[in-house]
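Engineer: model this:
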Amino acid sequence: MTLAVASFAVGTASTVAGFAAESQAADAQNKVAEQNRLNALAAFEDTQRSMNERISQERESAALEKFDVALESRAARATNDVAAGEAGISGVTVDALAKDFASREARFNDRVDRQTEWTTAQLSAQKREQSAQTLDRINREPRAQKPSFIGAGLKIAASGLNAYSQSKKLNP
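Structural biologist: Residues are numbered from 1 along each chain as shown. This next block holds a predicted model:
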């Protein structure tokens, strides 16, 4: 009977120790997964912030380019008007030249706007791609399942039955 009790005690202690070790391993794995998640989110936020800043800079740069061209166009029209006035010239030719300056400015602004839209669209696509990469990075680190109390209980019960069975074999 003493051997059966000792066998049961060893089996129970082994199961409890295994349960504790599995529980600690699961906790450690989950801490690693959580830290990975936090790191991935921090990197995602940094990248998103950087891309948003780049979009803002692209838009500001485009606005400055358009402003500079508008100034140049107005200066050219003013020079044209002054030269025409000093020469005593007026009419369709002077008006056509003024319209040409305005037309060039409009075409330039359209090209700048289109290029800015393309750059913004590309950066937005990169932001979406970064979202998917972040989710992939987070999901790549698996979460561990804690061991089951039911499983540990069943192992202890099996150890008890095994000890009882051995006891019956030794003491019929």
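Engineer: can you give me the strands in this protein?
Structural biologist: With DSSP state E, there are no strands along the chain.
Engineer: so where's it uncertain?
Structural biologist: 1-4, 7-8, 161, 163, 167, 170-172 (pLDDT under 70).
Engineer: Point out the other elements, helices or strands, that the longest helix along it touches.
Structural biologist: Ranked by residue count, the top helix of the chain under DSSP state H comes out as helix 2-87. Packing contacts for helix 2-87, counted by 3 or more CB pairs under 8 Å, 6 or more residues apart in numbering; DSSP states H and E, involve helix 92-140, helix 149-170. For glycine as for every other residue, the C-beta is placed from the backbone atoms N, C-alpha and C.
Engineer: Return the distance of the longest one from the chain's centre.
Structural biologist: Using CA atoms, centre = their mean, to the nearest Å, the distance from the centre of helix 92-140 to the centre of the chain it belongs to is 24 Å.
Engineer: Give me the angle between that helix and helix 2-87.
Structural biologist: Orientation check (axes from the mean of the first three to the mean of the last three CA atoms, to 10 degrees): helix 92-140 against helix 2-87 gives 180 degrees.
Engineer: do you know how far R140 is from L38?
Structural biologist: For R140, the distance to L38 (CB to CB, to the nearest Å) stands at 14 Å.
Engineer: can you check S73 too?
Structural biologist: From S73 across to L38, the span is 52 Å (CB to CB).
Engineer: And those two? Which one has more around it.
Structural biologist: Shown here are S73 and L38; by other CB atoms under 10 Å, S73 has more neighbours (20 against 11).
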